[in-house]
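got a predicted structure here, sequence first:
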Amino acid sequence: MKNNNKRLENQTCIVTGSSAGIGSAIAKALGCGGANVVVNYRKSKAEAEEVAHWIDNNADCGEALVLKGDVSKEEDVKNLFKKTIDHFGTVDVLVANAGVQIDHKLHEMPLEAWKKVIDVNLTGQFLCAKEAIIEFLRRGMRPDVSKSLGKIIHISSVHEEIPWAGHSNYAASKGGLLLLMESICQEYASSKIRCNSIAPGAIKTEINKEVWSSKEGMEQLLKLIPYKRIGVPDDIGKVASWLASDESEYINGTSIFVDGGMTCYPGFSSNG
């Protein structure tokens with residue numbers, strides 16, 4: 001990962017669920033932009049500390065702070081923001097990344113599996129966005145730092161658009177997230193708050209290792225991706241760093257799909 005011209009220098013970014021996978025790559029990419037980064041985790045403290053160590057020991061990066069918190073719990077989210085503000089003074093960027101996937105056929109899905117996914121993937125994003133907006137409005141503009149009052153980036157999925165049999169709780173959470181993001185933009189864009197989503201496709205992480213780790217699984221996966229490669233976490237990190245910066249200042253209320261063309265439904269490439 002290379003320096004990206006300090007475009008986030010003097011800014012503080014919270015990245016939820018950033019101890020591994022996509023969140024880790026985002027935290028590192030924002031750090032490489034010169035930002036101070038809060039590495040949030042729920043269980044994996046050692047992994048979060050490794051991410052923070054990487055940021056702190058990279059000359060191009062800002063400072064890292066490791067904070068524990070479950071985004072589905074309001075008090076944890078409030079505490080996450082309070083500790084960040086106490087340490088860094090404010091928050092400039094929220095990347096709401098934390099998410100879970102608990103798969104069942106709909107007729108076999110326990111209510112708890114439905115609730116857990118919605119609580120983390122949708123309610124958690126609401127709670128984090130709420131606290132971010134409260135801080136942006138309290139603090140006011142910092143024109144020497146950014147043209148925006150604050151920036152919120154939701155990590156969504158191609159499944160905010162593509163239905164997913166056997167994963168209805170996950171798809172519903174991401175579909176809801178789309179309208180949450182758009183509604184935040186509609187309500188707060190006039191205050192110079194920017195709110196967007198990044199919607200990854202198939203990204204090579206532990207959550208889907210069972211698929212990409214076998215030859216047969218990878219072959220089936222690549223049938224869904226016109227670009228014919230699986231994504232990697234850095235693909236998302238690079239977009240998040242750019243979307244958090246003034247280089248994307250006029251982008252608001254949209255989802256950026258990072259999916260190698262998956263949302264182009266390649267199954268129809270030969271008339272279905």
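Cool, got the structure. Numbering: from 1, shown residues only.

so how far is stretch 51-62 from its chain's centroid?
20 Å (CA atoms, centre = their mean, to the nearest Å).

what comes up buried for it?
For stretch 51-62, the neighbour count (16 or more other CB atoms under 10 Å) marks 51, 52, 54, 55, 61, 62 as buried. For glycine as for every other residue, the C-beta is placed from the backbone atoms N, C-alpha and C.

nearest to residue 96 among the residues you listed?
residue 51 (17.0 Å; CB to CB).

could you pull up phi and psi at residue 66?
phi -100, psi 130 (degrees, to the nearest 10).

do residue 231 as well
phi -70, psi 160.

thought it was touching residue 257?
No: the criterion here is CB atoms under 8 Å, and residue 231 misses it with residue 257 at 10.8 Å.

which residues do these two both contact?
By CB atoms under 8 Å, 6 or more residues apart in numbering, residue 231 and residue 257 have these common neighbours: residue 201.

tell me where the chain has strands.
Ranges of strands in the chain, per DSSP state E, are 12-15, 36-41, 64-68, 93-96, 150-155, 193-200, 255-258.

what about the ones you listed, which gets the closest to residue 83?
Among those, strand 64-68 sits nearest to residue 83 (CB to CB), with 5.6 Å.

quick one, that closest one and strand 36-41 angle?
30 degrees (axes from the mean of the first three to the mean of the last three CA atoms, to 10 degrees).

and for the longest helix along the chain, what's in contact with it?
Criterion DSSP state H: the longest helix present in the chain is helix 168-188. Helix 168-188 is contacted from outside by 99, 101-104, 106, 109, 113-114, 117-118, 121-122, 125-126, 129, 133, 152, 154, 156-157, 159-164, 193-197, 199, 252-253, 255, using CB under 8 Å, 6+ apart.

kindly report the same for stretch 240-257.
4, 7-8, 11, 13, 26, 29-30, 32-33, 35, 93, 95, 146-148, 151, 153, 156, 158, 160-161, 178, 181-182, 185-186, 189, 194-199, 201, 239, 263.

which of these count as buried?
4, 7-8, 11, 13, 26, 29-30, 32-33, 35, 93, 95, 146, 148, 151, 153, 156, 158, 160-161, 178, 181-182, 185, 194-199, 201, 239, 263.

for ChimeraX, write the select line for the buried members of the contacts of helix 168-188.
Provided next is the ChimeraX selection string for whichever of those are buried by 16+ other CB under 10 Å:
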select :99,101,102,109,114,117,118,121,122,125,126,129,133,152,154,156,157,159,160,161,162,164,193,194,195,196,197,199,252,253,255
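
which helices and strands does the helix or strand of the chain with the lowest mean pLDDT pack with?
Lowest by mean pLDDT, DSSP states H and E among the helices and strands of the chain is helix 209-212, with a mean of 80. In this structure, helix 209-212 makes packing contacts with helix 215-222, judged by 3 or more CB pairs under 8 Å, 6 or more residues apart in numbering; DSSP states H and E.
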